[in-house]
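Asker: quick one, fold the following:
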Amino acid sequence: DFRLFVAACLDEWAANLRGLIGMLAQRAEEHQDVLLPGCTHFQPAQPVSLAQHLLAYAQMFRRDHDRVRDALVRTRVSPLGAAALAGTTHPLDPGQVASTLGLDGTFANSMDAVSDRDFVLEATFCGSLIMMHLSRLCEEIIIWANPQFGFVRLPDAYSTGSSIMPQKKNPDVAELMRGKTGRVYGDLMALLTLMKGLPMAYNRDMQEDKEPFLDTHDTVAPSLAIMAGMLSELGFNRERMQRALKAGFLNATELADYLAAKGVPFRQAHHITGAAVAFAEEQGVGLEDLDIAQLQRFSADIAEDVFAVLDYSNAVARRHVPGGTGPDSVKHQ
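Answerer: Numbering: from 1, shown residues only. From the prediction side, this is the model:
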């Protein structure tokens, strides 16, 4: 029965998701003290911990896991006894049959039981979200592997060389996974389009539900396992990440907050900080490299304690709100 097959696939996805979440947690634990630029609009914004960045993806995959387990509840429903559409006349106990097959429940309406393909659609939707999250992670790996970033070193087993340029190391596995996301979206749209105009109850059109889901399963299950394997061997370059922190004045918000805490209206603190950043940029240094006299040119409220505030590690550590990037918060994520 197709329901049993889809349920088995969802079980496999859930197991692979747990493996991937565990790998993300392991790599996060190994790099708790590594900082890198956190971005908004793909522009450097504030310093964050690499551990929190990795665990953000773990949160996405945890939601995927919850959705998959929830979809299983509606998939493990036995249609046996519904017959063609009106129900059987034979003395069948649908509950006993469902229990024997390892299913969790039986149908409430025989016409719905025959015509229902929601479980296939829901499973394929879950697969689409999983692939979307994998694609986002692949995109960052591809960007970080570019020598202009240099944040990660691709494992040899998950990259290829160029047929012409011997110096290249191409992120082919991540690119293929990113590309395959589109075909799973296509599978979902095929199923939605298939079902959109069907009358009750069974229609031969429904036999077309197999190919899209089989394609989805053949994409999702190995993609999750491959990503866990790639992450296990991915090398992180903390020196390049640290160097990138200084390039974008990622501690500017710290200075603005520092001034606001001293009673300076935030609009004014924002303006002061912007002027200090412009000056530091002209000097070719970071805010933390300016001396106290240079900083006090912009505000008399700035004192020697500002240097502790401008320290990147301190900037991260202070964000100990639940879910934040501070080390204590990350340990609970």
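
Asker: excluding its backbone neighbours, what's nearest the residue nearest the centre of the chain?
Answerer: With distances taken as CA atoms, centre = their mean, Tyr57 lies nearest the centre of the chain, 3.5 Å away. Spatial nearest neighbour of Tyr57, excluding adjacent residues (CB to CB, 6 or more residues apart in numbering): Leu137 at 5.3 Å. Quick note: C-beta positions are derived from backbone N, CA and C, even for glycine.

Asker: that neighbour sits in which helix or strand?
Answerer: Secondary structure assignment for Leu137, by DSSP states H and E: helix 118-145.

Asker: with Leu255 instead?
Answerer: Secondary structure assignment for Leu255, by DSSP H and E: helix 252-261.

Asker: got the contact list for that helix?
Answerer: Contacts to helix 252-261, defined as CB atoms under 8 Å, 6 or more residues apart in numbering, come from residues 45-46, 266, 268-270, 272-274, 276-277, 287, 299, 301-302, 306, 309-310, 315.

Asker: I'd guess Gly38 is in a helix, am I close?
Answerer: No: per DSSP: H, G, I helix; E, B strand; the rest coil, Gly38 lies outside any helix segment and is strand.

Asker: what are the boundaries of the strands in this protein?
Answerer: Assigned by DSSP state E, the strands in the chain fall at 35-40, 43-49, 77-78, 105-106, 152-153, 235-236.

Asker: please tabulate the ones you listed in TSV, including the columns mean neighbour count and mean pLDDT.
Answerer: As requested, the strands of the chain are arranged in TSV below (neighbours: other CB atoms under 10 Å; pLDDT from 0 to 100):
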stretch	mean neighbour count	mean pLDDT
strand 35-40	18	96
strand 43-49	20	95
strand 77-78	22	95
strand 105-106	16	92
strand 152-153	18	98
strand 235-236	14	98
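
Asker: select, out of these, the one closest to Ile226.
Answerer: Closest approach to Ile226 among these is made by strand 152-153 (16.1 Å; CB to CB).

Asker: who touches that closest one?
Answerer: With contacts defined as CB under 8 Å, 6+ apart, strand 152-153 is touched by Ile141, Trp144, Ala145, Leu234, Gly235, Phe236, Asn237.

Asker: are any of the residues you listed buried, and which?
Answerer: For the contacts of strand 152-153, a neighbour count by 16 or more other CB atoms under 10 Å gives the buried set as Ile141, Trp144, Ala145, Leu234, Phe236, Asn237.

Asker: which one among these gets closest to Trp13?
Answerer: Trp13 lies nearest to Ile141 out of those, by CB to CB, at 21.1 Å.

Asker: isn't that closest one up against Asp172?
Answerer: No: Ile141 sits out of contact with Asp172 when judged by CB atoms under 8 Å, with a separation of 11.6 Å.

Asker: contacting residues around Ser313?
Answerer: Contacts for Ser313 were tallied using CB under 8 Å, 6+ apart; they are Leu35.

Asker: now Glu208: how far from Glu139?
Answerer: Plainly put, Glu208 is 32 Å away from Glu139 if you go by CB to CB, to the nearest Å.

Asker: repeat for Ala71
Answerer: Distance, Ala71 to Glu139, using CB to CB: 26 Å.

Asker: circling back to that earlier point, name the helices or strands packed onto the helix holding Leu137?
Answerer: helix 2-30, helix 50-75, strand 152-153, helix 172-195, helix 210-233 (3 or more CB pairs under 8 Å, 6 or more residues apart in numbering; DSSP states H and E).

Asker: and it, how far out from the chain middle?
Answerer: Distance of helix 118-145 from the chain centroid (CA atoms, centre = their mean, to the nearest Å) equals 8 Å.

Asker: what about the stretch 101-250 of the chain, any weak spots by pLDDT?
Answerer: 166 (pLDDT under 70).

Asker: re the thing from before, now the strands of the chain as TSV including distance to Arg18?
Answerer: Converted to TSV, the strands of the chain look like this (distance: least, CB to CB, whole Å):
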stretch	distance to Arg18
strand 35-40	26
strand 43-49	23
strand 77-78	24
strand 105-106	25
strand 152-153	24
strand 235-236	23
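
Asker: please consider this matter closed, and thank you.
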